[in-house]
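Show me the folded form of this:
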Amino acid sequence: MVCPKCMHEEIFQGETAICPNCNKINILSKDLALRVVQKQVDWFNKGFYDVLRTFNKKRLLVWLMGEREKVATNFLFDKPAIKLNDFLAINVLIKRVMKDGNDSGEKQADEENTKQLIDLFSFFIGVAERYHIIKEEFGYYSNKKEFDINNLDFETLMSNFRIFYSYKWRDIVKNFGSNLVMAESEGEKYFEKYRKEYEKIKKSPPKPEHLSDEETISNLFPLFQSLLVSFTKNNLFAEAFDINYLKKANLSVTKLLNLVNSFKQQSGLMNMCSEEEFKTVLKKIFIGFREQIIYKNLVFSQENQEIFPLFVEIDKNIFTSINFTTVLSLYYYPIYHKSLFDAEIRKRGDYFEKQQVPTKFDSLGFKIHPPITDKKKATLEIDCLAWRNDILYVVECKIWDIKPYFEHGRIHLHRERDLKGIVDGKSYTTRNDQLIEKEVPSLLEKIEFIKENLARFCSDHLQIKKIIGLIITKSYPPIKEYKEVKIKAYEEIESLS
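Reported below is the predicted structural model:
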């Protein structure tokens, strides 16, 4: 979007669109902005190292794991929301504290100072994410007064700069929101809106029943999708929550839950058992597996810091958390059952194309013609026609929903490429890291086909004055128009004339 006065590209501060030119906002170059953010990150890194070294590390680890279990318990049984930066902060802090395990201070962790530490580290993560956002060209840094990049004192470093966001970033945020990944303020509004329904479910939860993996994925798809994209939304999260090695070791979600449920523990509290007791349970659960391999893939310790801190060993005792393990298992489910999850996405894509989009058009007063195939050219398929008054749309539907690494520019460049490919008649796939381009019927060809055969497919053909190509996507698209073809999200169908 551009400023109506000077035609300069607008930027966002919070919810407000601002013209940097008209408001005399100095936008730093990308290179300079990244240097500033890196200095901020470096300062925080050093500050946290200095703070962590004052704590008794073993006691701090126990408190951090306790807070992690509280977050998971609240998510499962109180309010279905997680402060993502806090959740990331806790798990990264556990790894950092273990890394510096031999450098233990005297300060004793407690509930208050542990929460303060998490809050500060969560804020630091927000600063670190700015580097990523600016690097991906979704945001910009502005300075309030002149500065010397090589001589920045702490006060100037922390107070002289502010971040603005692009329109592309706003669409990314909207896509997250439609998949239940929201900022805290928006999450609170959403929860309040549906509080009665949630409280009703809590009072009368559905009776548990045995479901196949396919049925579980179908029933819990929105939850799986939300957790998957939340914990992999950018490199910071994806690296911290990387548990793909569990799948490589063939450790199933079921066995993981069976393991944690084998220990006597109260919901919301941690359990501690000896290393010997833990290994005994491993033998019962993972029959046929090599105990040493399973143990190494599951137990995070001073000697085994390359894995995710799911079960944590301190002084030959293993700490387990039932609710945290349950939340992580919900995230792990679509990773372990990837083929089933992908099949569910295809099924929902088919429903989106054949049912959801046509029904939406119908509810808005459009007349609909179902999918069309050219008998002379079977590869020329049209998802549907929709017309109202004197305008007819030749509609192409693509679910192309939110996915991991959604905060990375390359994802949106690929989405833009694929959208243009629909119009130009090109489809793209990747095989062995090689991009393969294939010629397919273009949307422009389909528009011409309808123009030539309008009377066959449109009962109101005499009143149609304009035929327009239209691509409908499940998520908000990175481009809005290409070669006069309109491109809209499902939520934007109502804006059509």
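
Could you list which residues are in contact with Glu10?
Shown in contact with Glu10 (C-beta atoms under 8 Å, 6 or more residues apart in numbering): Met1, Val2, Cys3, Ala17, Ile18, Cys19, Pro20, Tyr167. To be clear about C-beta, it is placed using only N, CA and C from the backbone, and glycine gets the same treatment.

Filter those down to the buried ones, ChimeraX style.
Selecting the buried subset of these in ChimeraX, with 16 or more other C-beta atoms under 10 Å as the burial test, is done by:
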select :3,19,20
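
Make JSON lines out of the contacts of Glu10 and add secondary structure, distance to Glu396 and pLDDT.
As requested, the contacts of Glu10 are exported to JSON lines (DSSP: H, G, I helix; E, B strand; the rest coil; distance: C-beta to C-beta, whole Å; pLDDT from 0 to 100):
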{"residue": "Met1", "secondary structure": "coil", "distance to Glu396": "25", "pLDDT": "70"}
{"residue": "Val2", "secondary structure": "strand", "distance to Glu396": "28", "pLDDT": "80"}
{"residue": "Cys3", "secondary structure": "coil", "distance to Glu396": "33", "pLDDT": "80"}
{"residue": "Ala17", "secondary structure": "strand", "distance to Glu396": "30", "pLDDT": "86"}
{"residue": "Ile18", "secondary structure": "strand", "distance to Glu396": "35", "pLDDT": "88"}
{"residue": "Cys19", "secondary structure": "coil", "distance to Glu396": "35", "pLDDT": "88"}
{"residue": "Pro20", "secondary structure": "coil", "distance to Glu396": "36", "pLDDT": "85"}
{"residue": "Tyr167", "secondary structure": "helix", "distance to Glu396": "24", "pLDDT": "88"}
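
sec struct for the closest residue to Leu28 other than its chain neighbours, please.
Using C-beta to C-beta, 6 or more residues apart in numbering and skipping the chain neighbours, the partner closest in space to Leu28 is Tyr141 (4.6 Å). Secondary structure, DSSP: H, G, I helix; E, B strand; the rest coil: Tyr141 is strand.

What mean pLDDT does the helix or strand harbouring Ile90 get?
Using DSSP states H and E, Ile90 maps to helix 84-99. Helix 84-99 shows a mean pLDDT of 93.

Name the residues of the following helix or strand past it that are buried.
Later in the chain than helix 84-99, the nearest helix or strand by DSSP H and E is helix 111-135. Across helix 111-135, burial judged by 16+ other C-beta under 10 Å covers 114, 117-118, 120-122, 124-125, 128-134.

In CSV, list the contacts of Glu10 along with distance to Asn432.
Below are the contacts of Glu10 laid out as CSV (distance: C-beta to C-beta, whole Å):
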residue, distance to Asn432
Met1, 40
Val2, 42
Cys3, 46
Ala17, 43
Ile18, 45
Cys19, 46
Pro20, 44
Tyr167, 36
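
got the CA coordinates for stretch 402-411 in PDB?
Below are the C-alpha coordinates for stretch 402-411, written out as PDB (Å, rounded to 0.1, in the frame of the first residue of the first chain):
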ATOM      1  CA  ILE A 402       0.100 -21.800   6.600                       C
ATOM      2  CA  LYS A 403       3.200 -24.000   7.100                       C
ATOM      3  CA  PRO A 404       6.500 -24.300   9.000                       C
ATOM      4  CA  TYR A 405       9.000 -21.400   8.700                       C
ATOM      5  CA  PHE A 406       6.100 -19.100   7.700                       C
ATOM      6  CA  GLU A 407       8.100 -16.100   8.900                       C
ATOM      7  CA  HIS A 408      10.700 -16.700   6.300                       C
ATOM      8  CA  GLY A 409      10.700 -14.700   3.100                       C
ATOM      9  CA  ARG A 410      11.500 -17.700   0.900                       C
ATOM     10  CA  ILE A 411       8.200 -19.300   1.800                       C
END
